[in-house]
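>>> Below are the sequence and a predicted model for it; my questions follow.
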Amino acid sequence: MQKNIGNIDRALRLIAGGGLLVWALAFSGPLWAYLGIIPLATALIKWCPLYSLINIKSSK
């Protein structure tokens, strides 16, 4: 697995994923808000399987 997520992309994923999870856990958000684990996980491992499939690389 080679990194394919850049710093700005990673920061946006951390904010979006974290926000969705906080909404789901702390404020009894909808069930789909637990999908925030996906952008959070991809940001932490710096690799996105969808980016690999469509040959996108936001990292240098």
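Nice, I can see it. Numbering: from 1, shown residues only.

>>> C-alpha from now on. contacts and neighbour counts both.
Noted.

>>> any idea how far Ser58 is from Ala26?
32 Å (Cα to Cα, to the nearest Å).

>>> Could you check how far Leu50 is from Leu12?
16 Å.

>>> returning to that earlier point: which one of Ser58 and Ala26 has more residues nearby?
Ser58 (13 against 8; other Cα atoms under 10 Å).

>>> What distance do you get for the more buried one to Ala24?
Taking Cα to Cα, one finds Ser58 at 28 Å from Ala24.

>>> before we move on, the earlier item: between Leu50 and Leu12, tell me which one has more neighbours.
Taking other Cα under 10 Å, Leu50 and Leu12 do not tie; Leu12 has more neighbours (14 against 9).

>>> name the helices or strands packed onto the helix or strand hosting Ile8?
Per DSSP states H and E, Ile8 falls inside helix 7-26. Judged by 3 or more Cα pairs under 8 Å, 6 or more residues apart in numbering; DSSP states H and E, the packing partners of helix 7-26 are helix 37-45.

>>> Which pLDDT does the model give Arg10?
If you check Arg10, the pLDDT there is 97.

>>> does Ile56 sit in a helix, a strand or a coil?
Secondary structure assignment for Ile56 (DSSP: H, G, I helix; E, B strand; the rest coil): coil.
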